[in-house]
Structure formats: structure tokens, C-alpha cells
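In: My questions are about this predicted structure, shown below with the sequence.
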Amino acid sequence: DFGGMKRERAVAVSIANLGYVGTGIDTTETVRNDWWQYDPITDVWTQKANLPGLARRDAVAFVINGKAYVGTGMDNADALLGNPLSDFWRYDPLLNSWTSIASYPAGGNMGVYLSTAFVLDDKAYMVCGKRGGNFYLDEVWEYKPIYNSWTQRSDFPGGPRYQMSSFVVADKAYVGLGA
């Protein structure tokens, strides 16, 4: 069983045959910033270094070159009481440490949650998301870790939305669904 209590609205990634789960909302409706590693060979969950930023739900996560990237999200279980986040962090599993990276600039650098992200050619792409209330984004941004910078790309042609899904097959990304 997962060691961090019930979890929803969390993020998850895989790095080198290990799984990682963190952030989200737990059994007590508390927003978390914890980070857990799962080893399928030993069938054991191990708590790792917490994400240093604010606790969050509805963040995004992706992996580039063996490091996890976690960012954005909402800092409260109740969106009406919370704030969208724009900070981003890189996790090094060998050092069990986090490093702050360039903040996500979408939505006027005011934070976003419920976006989707994918990786192609060692670059990450974040698509759409929600700023709060009825304010949804159609923005697409590319992150290049070698420059630690975000570059805006053409807007998502399907219009503003959030809670989308994305995946990569070979050298193409597929993005869609959502509200």
C-alpha cells in the first residue's frame, strides 16, 4: 500500500525502473508537498525529500534525462480559497534533492493548475490549464532544460480548456480531451 495515505490530484512519474508519486490531497483533505518512491522489485514505498515549494494539488510533472520536474498547481484544497502556482522544481533521484528552476510564465506568470505536459526531444511542453473561476488558457509553452527557459509556442488550436490528457508515441505528441 502507498505510504502517504489516500491521495488524489497528485502527480506521478517513472525514472529508471522506479515510480514516484507526490503532492495532491490526502485523506484529511490536506494539500501535500511530499514525494514518494516505489520500487516494484521490493514492492516498497519510501518517502523521499519533500518538494520545497508550497504544498499543491493539480500540478504537472514530467521527466527529462533522468530528472523529474514538478510545478504549477493550486495551493489549497478549495480553489476559491487558493492561489494558482507558477513555481517549478527539478528532482535529482541520485541526490534525493530539489532545485528551483524557471517559473512557468503562462497566464501572465500568475500561476496555473490542471494543465497537461509531455516531453519530446528532451524538451517539455505544457498545454492549456486553468487560472481560476472561468479563466482557462489555450497557451502552449516549451521548456528547454539546457537553457532553463520557457518559450511560448502557437496556442492550442482546440481553444481554452483544462484537465486535458497528453501522451507521446514515437516522435509525435497527442493532446486532447478536457473541459
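Out: Now that the structure is in, tell me what you want to look at. This is a predicted model, so every value here is computed, not measured. Numbers count the residues shown, from 1 in each chain.
In: which one is the most centrally placed residue in the chain nearest to, not counting chain neighbours?
Out: Closest to where the C-alpha atoms of the chain average out (C-alpha atoms, centre = their mean) is residue 60, at 1.4 Å. In space, and not counting its chain neighbours, residue 60 is closest to residue 117: 4.3 Å by C-beta to C-beta, 6 or more residues apart in numbering. In short, each C-beta sits where N, CA and C put it, glycine included.
In: do the same with residue 114
Out: Nearest non-adjacent residue to residue 114, counting by C-beta to C-beta, 6+ apart: residue 162, 4.0 Å away.
In: give me phi/psi at the one you found?
Out: Backbone torsions for residue 162, taken as degrees, to the nearest 10, come to phi -140, psi 170.
In: Return the helix or strand in this protein with minimum mean pLDDT.
Out: Least confident helix or strand of the chain, by mean pLDDT, DSSP states H and E, is helix 106-109 with a mean of 86.
In: From the chain's centroid, how far away is that helix?
Out: The chain centroid and the centroid of helix 106-109 are separated by 16 Å under C-alpha atoms, centre = their mean, to the nearest Å.
In: packing partners for it?
Out: Secondary-structure packing of helix 106-109 (3 or more C-beta pairs under 8 Å, 6 or more residues apart in numbering; DSSP states H and E): strand 84-92, strand 123-132, strand 135-144.
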